[in-house]
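Visitor: Pasted the sequence and its predicted model underneath.
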Amino acid sequence: MKIQKNGSAHWSGGLKDGKGQISTQSGALKDYPYGFAARFEGVPGSNPEELIGAAHSACFTMALSLILGEAGLTADSLETKADVTLEKVADGFAITAIDLNLRGVVPGADEATFTELANKAKAGCPVSKALAAVPISLVVSLG
């Protein structure tokens, strides 16, 4: 089974004075603003790091739900936050860390089992795998 989803971005202008809009195939985001000020200065709007955090949180939490089910457990609640760290490094900027913070209510699970299953979900989640390092291809068209 092969599933393809997409997101898109439009940008006009320079880095600091430019404006961008992001959209998702589902329409959850449609021409949502992003830009330098939203990324680096705390101005309202989105940025790539929060989108990565949301995607990673969602994927990890779904993977954990699956793994809990395989262990005969069902969560009453799973809340995951992914803190994505962007830092200046020698050759520009880089995402240097992603910290997943999970809070769960899972009847019948003890802390050791829950931690073990959460670590299994972290390792197996497709977004975790993609962020670890994947080949990236690029197709460029001008005009």
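Guide: That came through, no problem. Numbering: from 1, shown residues only.
Visitor: And the strands in the chain?
Guide: With DSSP state E, the ranges of strands along the chain come out as 7-12, 19-24, 32-34, 77-89, 92-105.
Visitor: residues in contact with the residue nearest to A97 when sequence neighbours are not counted?
Guide: Taking Cβ to Cβ, 6 or more residues apart in numbering as the measure, A97 lies nearest to T85, with 4.2 Å between them; neighbours along the chain are not counted. Every C-beta, even on glycine, is put in place using the N, C-alpha and C of the backbone. Residues touching T85, when contacts are defined by Cβ atoms under 8 Å, 6 or more residues apart in numbering, comprise 95-99.
Visitor: ok, now L131?
Guide: Counting by Cβ under 8 Å, 6+ apart, the residues that L131 touches are 52, 56, 98.
Visitor: and if you look at A58?
Guide: By Cβ under 8 Å, 6+ apart, A58 lies in contact with 80, 127.
Visitor: With P48 instead?
Guide: Taking Cβ under 8 Å, 6+ apart as the test, what P48 contacts is 34, 39.
Visitor: For K120, see how far away it is.
Guide: For P48, the distance to K120 under the criterion Cβ to Cβ, to the nearest Å works out to 28 Å.
Visitor: got a winner among the contacts of T85 for most neighbours?
Guide: For the contacts of T85, the largest number of neighbours (other Cβ atoms under 10 Å) sits with I98, at 18 neighbours.
Visitor: ok now do that residue, which residues does it touch?
Guide: Residues in contact with I98, defined by Cβ under 8 Å, 6+ apart, are 52-53, 56, 82-85, 131.
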